[in-house]
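Peer 1: Quick check, what structure comes out for this input:
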Amino acid sequence: MNFIEEKLTSVGRVTFAQYQHDGIKDADSPPIKMSFQVTNVRAIAKDCRVDFHYWSAITSATAPERVLVDKDGGFSLRDVQEVGTSTSEQVLKEVSSKAGRPELNFQVDPPTFVLFVRSKNSKESFRLYDGSLAERLTKALQHAVELCGGGSKEPF
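Peer 2: Below is the predicted model:
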């Protein structure tokens, strides 16, 4: 739990440019700047809980920075069903495809990674620049979930 708390706290603000291309229209959207930060991370072993403060913002060429989310969050490790890592580009592609827009393609610069935690009623995500750290945190969270009795109860 100390590892999880220390590493998530040390990530700091993650900022990247997001580029979008529409394959049907063969057109590019103006790039946007995305920023994410997690602070006040507390991994509490006796409660099997991770709490944090989450902040995200977007900036476009035509608008100043707009805060999208500024909230306290957290999850019980007992309720976690899945922990994983993906690239930001893969996450954006999946979201757009589920929204009925599979023709959209994305590029993220610099490359960033998403550590996601799916619980029964929520999905939390953490952005990182370092893919190997994202994988290590994924393994640490999966281990903590197992120790706390969480995880998917499906056999396959």
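Peer 1: residue ranges of the helices in the protein, please?
Peer 2: Taking DSSP state H as the test, the helices found in the chain are 2-10, 88-98, 131-147.
Peer 1: Any idea which of those gets closest to Arg78?
Peer 2: Smallest distance to Arg78 across those (Cβ to Cβ): 8.1 Å, for helix 131-147. The C-beta positions use only the backbone N, C-alpha and C, and glycine is treated the same way.
Peer 1: now what about that closest one, what contacts it?
Peer 2: Under the criterion Cβ atoms under 8 Å, 6 or more residues apart in numbering, residues 1, 3-4, 7-8, 11, 43, 48, 50, 77, 80, 83-85, 87, 111, 113-115, 117, 126, 128, 151 lie in contact with helix 131-147.
Peer 1: now swap in stretch 117-129 and tell me
Peer 2: Taking Cβ under 8 Å, 6+ apart as the rule, stretch 117-129 contacts 8, 11, 14, 36, 38, 50, 54, 73, 75-76, 79-83, 88, 91, 110-116, 134, 137, 141.
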